[in-house]
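1. Whatever this is, show me its structure:
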Amino acid sequence: MKEIVTIQIGHTACFVGTHFWNAQDAASERTDSSVLFREGQAKGASTYAPRLVLIDLRGSFGTQKKVNELYEDFSMEANSWAEGTNVIEQERVPKNEFLRSLDEEANNSELRDFSKDLQSSVKVWSDFNAMYYHPRTIAEVKQYQLNDTTTPFATFEQGRELWKSNSDLRDDVVEERFRFFLEECDAPQGIQVFAGTGDGFSGVSAALVEEMKDFIGKLPIVTFGIESASLPAAVTASNAALAAGNLFESSAQYIPIFKPSSFLPNRVVNANLSRSYNWTALCAAAIDTATLPSRIVKLHTPLQHLLYPLTQTGPLASLASSFPALAEDFTLVAPPEGATLDWMYDWTLSCGYDKVEKHAGQSIVLRGVWDQRVVNLFEDTFSASKSPATMSQSYVVPDLFPICASFPGLLAGENPRPVGVPLTARLRASPRLSEYLERSGQALRSFSALHARRLASEGVVAAEEVQELTETMVELAHVYAETAE
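-> Take a look at the predicted model:
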């Protein structure tokens, strides 16, 4: 089993995904690019493009072309019209310095630091995208516009209704795009989803992943649910809770991720965390590191094996990471139970530390460290978090996380700018997930009370569904709380 198909759903998910793909483009030779990339032919030359379906709103794509220079002769028959088409050419969005450098293929452009220019110029994810995408990658939601304050794409119900009522969108995404990438795989190992859960894409994510599950059979789906939206907190909380309740059922593993508060470990500096460009870079580094064993040539750890210690308890896992990992993080004496690891950041609980505690299972990755003494200390530190036998897996990979030209300048003392940094990431079936579940259950109860009349009419979301999801949250909260006993 080898190939992974990736799905990105929504604007925030595409920010995370763009940082993720830019890092893949800079990965070392020890990484098997065929896991995430497809090889093809265009204009008589070999091409490598992400095995990716990407969904976003009108106005989200900036300078990004649906069909780029490598595939100018490509056409999708489903989009042809017998009566011809009228072409309306819009004013082109000007490119920033980073994108111009890619066009010019300037000498050593990959070594330049574009982070200062990008800090001021990034408005959408395509402003720092370094990848060429296949023509079947980009799917545009034409019914809604990015940042439309009059008719915002704001709620789970809007997203689900859009998906359920729009057969053209469903066929385009599932049949024309997802099926194309999946069927050209020789031995797919699973599906990786970056799902926006804070706005209307919460409903799209839940409906699409459910449909994919019916389509792919037993292949595992790992979903990173990423909540961030410029909406009232109660709206984003109910969107994320409704999405999570549905995605529990259709994903082998669901990892909730929340936009961080202003607090991060103090080695990260100059980080305006209100800017998606900054915080999604750190999030992408965590996801890249946590899933790295599935792409390393000598490991080739299938997703199913990577997730095994987590899936035995339930569908949830938490994600924590360091940026970077330093030798002094790992002490000579294993930390006692209850100790905090204040150099880690918990993306699921939005907490500025991880914790040494009993849990049901974990998968830990240390990358970019060659010193065996440090590796041994790393093993001792995380083995202090007790788990059942065979439910703790650790991986040590020599590759640094690459700091590519589009990555924001976030580290203290970045002079000169590093080519890469060591990282630690941990996926865990943590007892503290009960806190997340209780919070999600409360969000559903508040949603139900606020919209009781509309839910009673059995529209897009019915009262019975919300009640069932709330009960599921309560049951799972008990399950994960008991892992600490």
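
2. C-alpha only now, for contacts and for neighbours.
-> OK.

3. Model confidence score at residue 109, please.
-> We have a pLDDT of 47 for residue 109.

4. actually residue 80, not the one I wrote
-> For residue 80, the pLDDT comes out at 37.

5. again, but for residue 115
-> Reading off the model, residue 115 has pLDDT 83.

6. where's the closest residue to it other than its chain neighbours relative to residue 400, distance?
-> For residue 115, ignoring the flanking residues on the chain, the nearest one in space by C-alpha to C-alpha, 6 or more residues apart in numbering is residue 408 at 4.7 Å. Separation of residue 408 from residue 400 (C-alpha to C-alpha, to the nearest Å) stands at 16 Å.

7. Send me stretch 432-452 as PDB with only the CA atoms.
-> Output of stretch 432-452 as PDB, limited to C-alpha atoms (Å, rounded to 0.1, in the frame of the first residue of the first chain):
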ATOM      1  CA  ARG A 432      -7.900  15.500  27.900                       C
ATOM      2  CA  LEU A 433     -10.000  14.900  24.800                       C
ATOM      3  CA  SER A 434     -12.900  14.600  27.200                       C
ATOM      4  CA  GLU A 435     -12.600  18.400  27.700                       C
ATOM      5  CA  TYR A 436     -12.900  19.000  23.900                       C
ATOM      6  CA  LEU A 437     -15.900  16.700  23.700                       C
ATOM      7  CA  GLU A 438     -17.600  18.300  26.700                       C
ATOM      8  CA  ARG A 439     -17.100  21.700  25.100                       C
ATOM      9  CA  SER A 440     -18.400  20.500  21.800                       C
ATOM     10  CA  GLY A 441     -21.500  19.000  23.500                       C
ATOM     11  CA  GLN A 442     -22.200  22.300  25.100                       C
ATOM     12  CA  ALA A 443     -21.900  24.000  21.800                       C
ATOM     13  CA  LEU A 444     -24.500  21.600  20.400                       C
ATOM     14  CA  ARG A 445     -26.900  22.200  23.300                       C
ATOM     15  CA  SER A 446     -26.600  26.000  22.900                       C
ATOM     16  CA  PHE A 447     -27.200  25.600  19.100                       C
ATOM     17  CA  SER A 448     -30.300  23.400  19.800                       C
ATOM     18  CA  ALA A 449     -31.800  25.900  22.300                       C
ATOM     19  CA  LEU A 450     -31.100  28.900  20.100                       C
ATOM     20  CA  HIS A 451     -32.600  27.400  16.900                       C
ATOM     21  CA  ALA A 452     -35.300  25.100  18.400                       C
END
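
8. That stretch: which residues count as buried?
-> Residues of stretch 432-452 classed as buried under the neighbour-count rule (16 or more other C-alpha atoms under 10 Å) are 432-434, 436-445, 447-448.

9. the strands in the stretch 101-250 of the chain, which residues?
-> For the stretch 101-250 of the chain, the strands defined by DSSP state E, counting those that start in this stretch cover 138-145, 190-196, 221-227.

10. got TSV for those strands, with mean neighbour count too?
-> Conversion of these to TSV gives the following (neighbours: other C-alpha atoms under 10 Å):
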stretch	mean neighbour count
strand 138-145	16
strand 190-196	25
strand 221-227	25
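
11. Generate JSON lines for the ones you listed, with mean pLDDT and distance to residue 151 as supplementary columns.
-> Below are the strands of the stretch 101-250 of the chain laid out as JSON lines (pLDDT from 0 to 100; distance: least, C-alpha to C-alpha, whole Å):
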{"stretch": "strand 138-145", "mean pLDDT": "95", "distance to residue 151": "8"}
{"stretch": "strand 190-196", "mean pLDDT": "97", "distance to residue 151": "18"}
{"stretch": "strand 221-227", "mean pLDDT": "96", "distance to residue 151": "20"}
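
12. Present these as JSON lines; the columns should include distance to residue 100.
-> Shown next, in JSON lines, are those (distance: least, C-alpha to C-alpha, whole Å):
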{"stretch": "strand 138-145", "distance to residue 100": "22"}
{"stretch": "strand 190-196", "distance to residue 100": "28"}
{"stretch": "strand 221-227", "distance to residue 100": "30"}
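
13. out of these, nearest to residue 31?
-> Residue 31 lies closest, by C-alpha to C-alpha, to one member of the strands of the stretch 101-250 of the chain: strand 190-196, at 17.2 Å.

14. The closest one packs against which elements?
-> strand 4-9, helix 11-25, helix 201-216, strand 221-227 (3 or more C-alpha pairs under 8 Å, 6 or more residues apart in numbering; DSSP states H and E).

15. Out of the ones you listed, flag the one nearest residue 276.
-> Nearest of the helices and strands packed on strand 190-196 (C-alpha to C-alpha): helix 11-25, 7.0 Å.

16. continuing past the closest one, what's the next helix or strand?
-> Downstream of helix 11-25, the first helix or strand assigned by DSSP states H and E is strand 37-42.

17. Please point out which parts of that next one sit buried.
-> By neighbour count on 16+ other C-alpha under 10 Å, the buried set for strand 37-42 is 37-38.

18. That strand versus strand 4-9: what angle between them?
-> Interaxial angle of strand 37-42 relative to strand 4-9 (axes from the mean of the first three to the mean of the last three C-alpha atoms, to 10 degrees): 90 degrees.

19. Report the angle between the next helix or strand after strand 37-42 and strand 37-42.
-> Once the chain leaves strand 37-42, the next helix or strand it forms, by DSSP H and E, is strand 45-50. Angle, strand 45-50 to strand 37-42, by the same axes, to 10 degrees: 150 degrees.

20. Need the residues that contact strand 45-50.
-> Here strand 45-50 makes contact (C-alpha atoms under 8 Å, 6 or more residues apart in numbering) with 21, 36-41, 70, 131-134.

21. hang on, isn't residue 418 packed against residue 401?
-> No: the pair residue 418 / residue 401 is not scored as a contact, 10.3 Å apart, by C-alpha atoms under 8 Å.

22. who has more neighbours, those two?
-> With neighbours defined as other C-alpha atoms under 10 Å, residue 418 and residue 401 compare such that residue 401 has more, 25 against 14.

23. Could you pull up the residues touching the more buried one?
-> With C-alpha under 8 Å, 6+ apart, residue 401 has these contacts: 23, 27, 285, 289, 367-368, 420-423.

24. Just the ones in helices from the residues you listed, please.
-> 23, 285, 289 (DSSP state H).

25. Among those, which one sits closest to residue 154?
-> Looking across these and measuring by C-alpha to C-alpha, the closest to residue 154 is residue 285, at 27.6 Å.

26. wait, isn't the closest one in contact with residue 22?
-> No: using C-alpha under 8 Å, residue 285 is not in contact with residue 22, being 10.6 Å away.

27. which of those two has more neighbours?
-> residue 285 (24 against 21).

28. residues contacting that one?
-> By C-alpha under 8 Å, 6+ apart, residue 285 lies in contact with 19-20, 401.

29. So what's the residue count around residue 290?
-> 25.

30. Would you mind listing the buried residues in stretch 338-358?
-> 341-358.

31. quick one: pLDDT of residue 418?
-> Value listed for residue 418 in the pLDDT field: 86.

32. residue contacts, it?
-> Residue 418 touches residue 403, counting by C-alpha under 8 Å, 6+ apart.

33. Which residue ranges of the stretch 301-450 of the chain form strands?
-> Using DSSP E, counting those that start in this stretch, strands in the stretch 301-450 of the chain cover 318-321, 340-341, 345-346, 354-355, 362-367, 392-397, 401-402, 420-421, 423-428.
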